[in-house]
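# prediction below, plus the sequence it came from.
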Amino acid sequence: MPVGIVVQKYGGTSVADPERIRAVAERIVAAKEAGNDVVVVVSAMGATTDELVDLAHQVCARPAPREMDMLLTAGERISIALLCMALIDRGQEAVSLTGSQAGIITDTTHGKARIVDVRPFRIHEEVVAGRVVVVAGFQGVSTDKDITTLGRGGSDTSAVAVAAAVGAEVCEIYTDVDGVYTADPRLVPDARKLAEVTYEEMLELAGSGARVLQVRSVEFARNHGVTVHVRSSFNSGPGTRVVEEDKAMENAIISGLAHDTSEAKITVHGVPDRPGIAARIFQELADNAVNVDMIVQNTSSDGRTDVSFTLPTDDLVTGKAVIEAVCAEIGAAGFDVEDDIAKISLVGAGMKTNPGVAAAMFTVLADNGVNIEMISTSTIRISCVIKAADLEIALRAVHARFGLDGSDAEVVFG
């Protein structure tokens, strides 16, 4: 049965070469022939974005952010044009639209823009005319009328935003994995795929390093009630649905594990322990668009303290420059950087009513000789920063300790 408008998103590996583009076109045609109106959001082919970034840095050490966005959006324009060519060759009318043509309006932050509105007038016109609309992901146009990009994984957010704007029944995210697993199956061979995961659990997993979905896309889906279906581009498996939490169901204690090796840790030493200093540090980082994740402040001694925080390695150059300047201004003793860290996060809605989860996690890490450097928690997540060299043993030990490789029917994993 047709379900109205279906939004499909295809990642870079799904359109990495002409053969895969033709395969994607076949899948889209099948959805159209089933009676659906289809809107497609596409990423750049394969490693195109990385190649463009490398090219920019061959020209200059610190490319201008506005021009960087102009450069990087070329990748998606290539893939949407090629996909439309493949669709038209199969007899299916199709039209490619850039982010700005599709009405994706963002704020003015280059490289990490946030969507503020989607005006899908052109999309609706083309859908009514019977065409498949192929939209360039990862990009939009700012309120200042500049081309912007949404950051790594931004095509997921583009797809969910478009799905919300056009009233789609479902947003299908096609990728190179079969769905959401209890842990990264490349590192934990016993990891299991889930049938469903809640928005809240997926938010924590994505925010903790799971690469299946970008965290902002999950936020958008939850806020606008968009059902997200993660599926493989290479098979017809059922994938994983991201859905509203069913209050009538009892949640599993633990839903899954995520990890992140894309962060570094900065520790600022000898910080004056007085009101306003922490605000000064983190406001400067925010003003320079540096995303801070975990923060720990030590107990004060002789009016001084140490402050540690994690940030994406992509922001490390800017972050170090900001902290160097702030240290001089506030009279801190200095700072050091660790870039050989990893974050491991245990996620589960059942944690809210089950004591002892944190103790069990810390115990199994200690039993395996893994030292914890930082800890952060929410009502459904516990995150620990550890040495990157300990990541695999930590993941496997915690995964086994909480029975995430089991098959008990009353346990639902995310």
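The structure has been received and is ready for your questions. These figures come from a predicted structure and were not determined experimentally. Residues are numbered from 1 along each chain as shown.
# name the nearest residue to the residue minimising distance to the centre of the chain, ignoring sequence neighbours.
By CA atoms, centre = their mean, the chain has its centre lying nearest to Gln214, at 2.0 Å. Once flanking residues are discounted, Gln214 sits nearest to Gly153: 3.3 Å by CB to CB, 6 or more residues apart in numbering. Every C-beta, even on glycine, is put in place using the N, C-alpha and C of the backbone.
# so that neighbour touches Val218, yeah?
No. If you go by CB atoms under 8 Å, Gly153 and Val218 don't touch, sitting 10.6 Å apart.
# tell me which of those two has more neighbours.
Each of Gly153 and Val218 has its neighbours counted (other CB atoms under 10 Å); Val218 has more, 27 against 20.
# so who does Met202 touch?
Shown in contact with Met202 (CB atoms under 8 Å, 6 or more residues apart in numbering): 180, 210, 213, 218, 242, 414.
# just give me the closest of the residues you listed to Val317.
Among the contacts of Met202, Ala210 lies closest to Val317 (CB to CB), at 25.7 Å.
# report pLDDT for the closest one.
The per-residue pLDDT reported for Ala210 equals 75.
# does it sit in a helix, a strand or a coil?
Of the three states, Ala210 takes coil according to DSSP: H, G, I helix; E, B strand; the rest coil.
# going forward can the numbers begin at 22, since that is how I track them
Shifting the count to begin at 22 puts that one at Ala231.
# how far does the helix or strand where Val162 lies sit from its chain's centre?
Per DSSP states H and E, Val162 falls inside strand 160-163. Its chain's C-alpha centre lies 18 Å from the corresponding centre of strand 160-163 when counted by CA atoms, centre = their mean, to the nearest Å.
# paired strands for the next helix or strand after that strand, with orientation please.
Going down the chain from strand 160-163, the next helix or strand is strand 168-170, by DSSP H and E. Partners of strand 168-170 in the sheet, by DSSP bridges, are strand 160-163 (antiparallel).
# contacting residues around the closest residue to Arg87 other than its chain neighbours?
Leaving aside its chain neighbours, Arg87 sits nearest to His131 (5.4 Å; criterion: CB to CB, 6+ apart). Applying CB under 8 Å, 6+ apart, we find His131 in contact with 86-87, 89-90, 167, 169-170.
# again, only using 7 Å
By CB atoms under 7 Å, 6 or more residues apart in numbering, the contact list for His131 reads 86-87, 89-90, 169.
# likewise Leu386?
By CB under 7 Å, 6+ apart, the residues touching Leu386 are 393, 405, 415.
# where's it, which helix or strand?
Per DSSP H and E: helix 378-388 holds Leu386.
# picking that back up, how much space between the residue nearest to Arg87 and Asp165?
Going from His131 to Asp165 by CB to CB, to the nearest Å gives 10 Å.
# and Leu234, how many neighbours?
Using other CB under 10 Å, Leu234 has 25 neighbouring residues.
# now for the biggest helix by length in the chain, which elements pack on it?
Counting by DSSP state H, the longest helix found in the chain is helix 86-110. When contacts are defined as 3 or more CB pairs under 7 Å, 6 or more residues apart in numbering; DSSP states H and E, helix 86-110 sits against helix 39-54, strand 58-63, helix 69-80, strand 115-118, strand 153-157, strand 168-170.
# surely the residue nearest to Gln235 touches Val236?
No. The criterion here is CB atoms under 7 Å, and Gly174 misses it with Val236 at 8.2 Å.
# can you give me the helices in this protein?
Counting by DSSP H, the helices of the chain are 39-54, 69-80, 86-110, 142-149, 175-187, 220-228, 236-245, 298-308, 337-351, 378-388, 412-422.
# remind me which residues of this protein are low pLDDT?
The chain contains residues with pLDDT under 70 at 22-24, 267-273, 427-435.
# run the last query once more with 50
Applying pLDDT under 50 to the chain flags the ranges 22-23, 269-270, 428-435.
# most distant residue from the middle of it?
Distance from the centre of the chain peaks at Asp323, with 41.5 Å (CA atoms, centre = their mean).
# that older thread, tell me which of the helices and strands packed on helix 86-110 approaches Ile274 most closely.
When the helices and strands packed on helix 86-110 are compared by CB to CB, strand 58-63 sits nearest Ile274, at 35.5 Å.
# now do the closest one: which elements does it pack against?
By 3+ CB pairs under 7 Å, 6+ apart, strand 58-63 packs against strand 26-31, helix 39-54, helix 86-110, helix 142-149, strand 153-157, helix 175-187.
# list the buried ones in it?
Under the neighbour-count criterion of 16 or more other CB atoms under 10 Å, strand 58-63 has 58-63 buried.
# closest to Ile287 among those residues?
For the buried residues of strand 58-63, the residue nearest Ile287 by CB to CB is Val62; the value is 35.4 Å.
# what's the spacing between the closest one and Ile396?
Using CB to CB, Val62 is found at 37 Å from Ile396.
# repeat that for Arg422.
Counting by CB to CB, the gap from Arg422 to Ile396 is 17 Å.
# among these two, which residue is more densely surrounded?
More crowded of Arg422 and Ile396, by other CB under 10 Å: Arg422, with 17 against 14.
# ok, for that one, nearest residue in space, not its chain neighbours?
Nearest one to Arg422, counting by CB to CB, 6+ apart, is Val385 at 4.3 Å.
# the one you found touches Leu416, doesn't it?
No. The pair Val385 / Leu416 is not scored as a contact, 11.0 Å apart, by CB under 7 Å.
# which of the two has more neighbours?
Comparing Val385 with Leu416 by other CB under 10 Å, the one with more neighbours is Leu416, at 20 against 17.
# contacts only, for that one.
Counting by CB under 7 Å, 6+ apart, Leu416 touches 204, 208-209, 278, 280, 365.
# narrow these to those in strands?
With strands taken from DSSP state E, the overlap with those comprises 278, 280, 365.
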